[in-house]
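**Student:** Predicted model and sequence below, questions to follow.
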Amino acid sequence: MTRCSWCGTDPLYVAYHDEEWGVPECDPRALWEKLVLDGFQAGLSWITILRKRDNFRQEFDGFDPERVATWDEARIQRALQNPGIIRHRGKIAATVKGAQLFLDIEEKEGFSPWLWSFVGGQPIQNRFSSMAEVPAATPESTAMSKALKKRGFNFCGPVIVYAFMQATGMVNDHMTGCPRHAQVSRQSADG
């Protein structure tokens, strides 16, 4: 049994693979954080975001949607000065708007149940034996992407959304030869 090859040997990446990636996440705030970070990843590698994640958490008030939703232009400008995050005006503004949208969805139907509805409320258990088999997007990620965009979210195309679904355990894309595949599958069943 060997770990999924995408994480390489970087200790931070290995820990992320072994402890977080693919574990079913139902906490709405944690889901929103991951969606935001996946949006910041657009055009970059995930390890870049992972290395800056603590800085993002500090800058974005612990990804507290109620706080981020109140950001004004001055607060956005302050974030743009932080070299510890990705300083992209569009992505920062999208995060503020996304916080407002999150609060609306959370109040009306629950952010977590709404997102999980795109996979029928249960993780999809894929059985890929090689990275070549893993799709970049799926009908489920396309549907979630369209629904997010319809609500007003940005930086949430089908490929970004599929990465989000993989990371949050909506799909189990650990390779079948990886010890985490069975472990995550059991966590999904216990969920």
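**Tutor:** The structure has been received and is ready for your questions.

**Student:** okay, and for the protein, where does confidence drop off?
**Tutor:** For the chain, the stretches flagged by pLDDT under 70 are 190-191.

**Student:** where do the strands sit along it?
**Tutor:** Remark: strands assigned in the chain by DSSP state E are 124-125, 171-172.

**Student:** can I get these in TSV with mean neighbour count?
**Tutor:** C-beta here means a position set from N, CA and C on the backbone, and glycine is covered the same way. Below are the strands of the chain laid out as TSV (neighbours: other C-beta atoms under 10 Å):
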stretch	mean neighbour count
strand 124-125	16
strand 171-172	24
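
**Student:** Looking at the protein, which helix is longest?
**Tutor:** If you go by DSSP state H, the chain has its longest helix at helix 89-108.

**Student:** Restricting to C-alpha, output it in PDB.
**Tutor:** The C-alpha trace of helix 89-108 is given here as PDB (Å, rounded to 0.1, in the frame of the first residue of the first chain):
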ATOM      1  CA  ARG A  89      -8.400  41.900  -5.500                       C
ATOM      2  CA  GLY A  90     -11.000  39.900  -7.400                       C
ATOM      3  CA  LYS A  91     -10.500  36.800  -5.100                       C
ATOM      4  CA  ILE A  92     -10.600  38.900  -1.900                       C
ATOM      5  CA  ALA A  93     -13.700  40.800  -3.100                       C
ATOM      6  CA  ALA A  94     -15.300  37.400  -4.000                       C
ATOM      7  CA  THR A  95     -14.600  36.200  -0.500                       C
ATOM      8  CA  VAL A  96     -16.400  39.100   1.000                       C
ATOM      9  CA  LYS A  97     -19.400  38.500  -1.300                       C
ATOM     10  CA  GLY A  98     -19.200  34.800  -0.700                       C
ATOM     11  CA  ALA A  99     -19.400  35.400   3.100                       C
ATOM     12  CA  GLN A 100     -22.600  37.400   2.500                       C
ATOM     13  CA  LEU A 101     -24.000  34.600   0.300                       C
ATOM     14  CA  PHE A 102     -23.000  31.900   2.800                       C
ATOM     15  CA  LEU A 103     -25.000  33.700   5.600                       C
ATOM     16  CA  ASP A 104     -28.000  33.800   3.400                       C
ATOM     17  CA  ILE A 105     -27.800  30.100   2.400                       C
ATOM     18  CA  GLU A 106     -27.000  29.100   6.000                       C
ATOM     19  CA  GLU A 107     -30.100  30.900   7.300                       C
ATOM     20  CA  LYS A 108     -32.500  29.600   4.700                       C
END
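
**Student:** packing partners for that helix?
**Tutor:** Where contact means 3 or more C-beta pairs under 8 Å, 6 or more residues apart in numbering; DSSP states H and E, helix 89-108 is packed against helix 28-41, helix 65-68, helix 73-80, helix 111-116.

**Student:** Apply 10 Å and report the result again.
**Tutor:** Applying 3 or more C-beta pairs under 10 Å, 6 or more residues apart in numbering; DSSP states H and E, we find helix 89-108 packed against helix 28-41, helix 46-59, helix 65-68, helix 73-80, helix 111-116, helix 139-151.
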